[in-house]
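[1] show me how the following folds:
(chains A and B)
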Amino acid sequence: DAGVIQSPRHEVTEMGQEVTLRCKPISGHNSLFWYRQTMMRGLELLIYFNNNVPIDDSGMPEDRFSAKMPNASFSTLKIQPSEPRDSAVYFCASSPGQQNTEAFFGQGTRLTVV
Amino acid sequence: SQKIEQNSEALNIQEGKTATLTCNYTNYSPAYLQWYRQDPGRGPVFLLLIRENEKEKRKERLKVTFDTTLKQSLFHITASQPADSATYLCALERGYQKVTFGTGTKLQVIP
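    Next up, the predicted model:
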């Protein structure tokens, strides 16, 4: 397996534009997580899904952020409209679930909003 | 609210020595704690998990302890090598499948 795949690796966009980040989890994993990492706040959990269903979105900062998981092999994180303070590295991670809680992270998407 | 503290300052040690990193937490009693390694420009990589009923866990040159009374975990790398240089993150369980990460400690192993 190629691991968790995220795209794009880098994204530069202008303030006010819509940004969509994509993630393909490891096949067979039941849980998917979206994290945001900044120097100031470290790694923050935004939302996580279990069996394609959003379980906890309490970490989503504002209504400008939304996430979907239409099937077991694909998830998106959308920011609309984007703001400079959204600049960060966004990670997607997946986990087998049940008793195995090890999370496998993707390479991340570095987002810069200018 | 739950707070996780890792030494924010970088830890520099000589090659061959044992590196010890600390993770302290408050306001919670996690069922387990994890340690991850993160290299620049990459996602975190899982290293070890220790449960609340375990005092110590080992994996090759790595050792993790978990003191639920002190609310502290120690992460040791014995016989450290320059390749061990990275940022190490601790993560605490906050419910089913959910963890909170510390801000990490940067380790630099000097040849």
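[2] can you list the weak-confidence ranges in chain A?
    Applying pLDDT under 70 to chain A flags the ranges A:1, A:98-100.
[3] show me what from it comes close to chain B.
    A:4, A:31, A:35, A:41-45, A:48, A:50, A:55-56, A:91, A:93, A:95, A:97, A:101-108 (C-beta under 8 Å from any C-beta of the partner chain). Just so you know, the C-beta spots here come from the backbone N, C-alpha and C atoms, and that holds for glycine as well.
[4] just the buried residues out of those, in PyMOL syntax.
    Remark: buried members of the residues of chain A next to chain B, expressed as a PyMOL selection using 16 or more other C-beta atoms under 10 Å in any protein chain shown:
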select buried, chain A and resi 4+31+35+42+43+45+48+50+55+56+91+93+95+97+101+103+104+105+106+107+108
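[5] can you pull up the most central residue in chain A?
    Centroid check for chain A by C-alpha atoms, centre = their mean gives residue A:34 as the closest residue, at 3.1 Å.
[6] now it: closest residue in space, sequence neighbours ignored.
    residue A:46 (4.5 Å; C-beta to C-beta, 6 or more residues apart in numbering or on different chains).
[7] ok, the helix or strand hosting that neighbour: who's next to it in the sheet?
    In this structure, residue A:46 is located in strand A:42-50 according to DSSP states H and E. Sheet pairing here is set by DSSP bridges, and for strand A:42-50 it gives strand A:31-38 (antiparallel), strand A:53-56 (antiparallel).
[8] between these, which gets nearest to residue B:5?
    strand A:31-38 (17.7 Å; C-beta to C-beta).
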